[in-house]
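I would like the atomic coordinates for the input below:
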Amino acid sequence: MMLTPIEYRMRCDNGVKCLAAYRLNGVRHASGQIILAHTKTAARRVATAAGWTRVKLGTCGPMVDLCPECSAAKP
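This next block holds a predicted model:
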């Protein structure tokens with residue numbers, strides 16, 4: 001039996017304020033990455049190695065994913 005990797009899609013949660021955003025048909029889109037992995041944990045490890053960070057907003061806030069450019073700009 002052969003395991004097929006699953007496609008996990010990362011998108012920067014800074015939205016249109018994303019520093020690595022690109023324009024498509026005149027609309028600004030946040031940076032994103034497709035990661036092939038067998039589990040969510042493996043996908044998170046690959047994303048972390050690529051420079052993606054997960055940040056908590058406030059003390060009880062939600063977690064957000066930031067692309068390498070936006071995470072480098074955060075203090």
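
Quick check, central residue of this protein?
When the chain is reduced to its mean C-alpha position, the nearest residue by C-alpha atoms, centre = their mean turns out to be Met10, at 3.8 Å.

how close does it get to Ser31?
Met10 sits 9 Å away from Ser31 when distances are taken as C-beta to C-beta, to the nearest Å. No exception for glycine: its C-beta is placed from N, CA and C like everyone else's.

residues shared between the contacts of these two?
Where contact means C-beta atoms under 8 Å, 6 or more residues apart in numbering, the residues bridging Met10 and Ser31 through contact with each are Cys67.

hmm, back to that, tell me the contacts of the residue nearest to the centre of the chain?
32-35, 47, 52, 65, 67.

Out of those residues, who's the most crowded?
The most neighbours of any of the contacts of Met10, using other C-beta atoms under 10 Å, belong to Cys67, which has 26 neighbours.

I figured that one hits Gly15, correct?
No. The pair formed by Cys67 and Gly15 falls short of the contact definition of C-beta atoms under 8 Å, at 11.2 Å.

which residues does the residue nearest to the centre of the chain bridge with?
Beta-bridge partners of Met10, counted by DSSP bridges, are Gln33.

pLDDT at it, what is it?
Met10 is assigned 92 on the pLDDT scale.

Could you check how far it is from Thr41?
14 Å.

and the lengthiest helix in the chain, how far from the chain's centre?
When secondary structure is assigned using DSSP state H, the longest helix within the chain turns out to be helix 40-49. Taking C-alpha atoms, centre = their mean, to the nearest Å, one finds helix 40-49 lying 10 Å from the centre of the chain it belongs to.

All set now, cheers.
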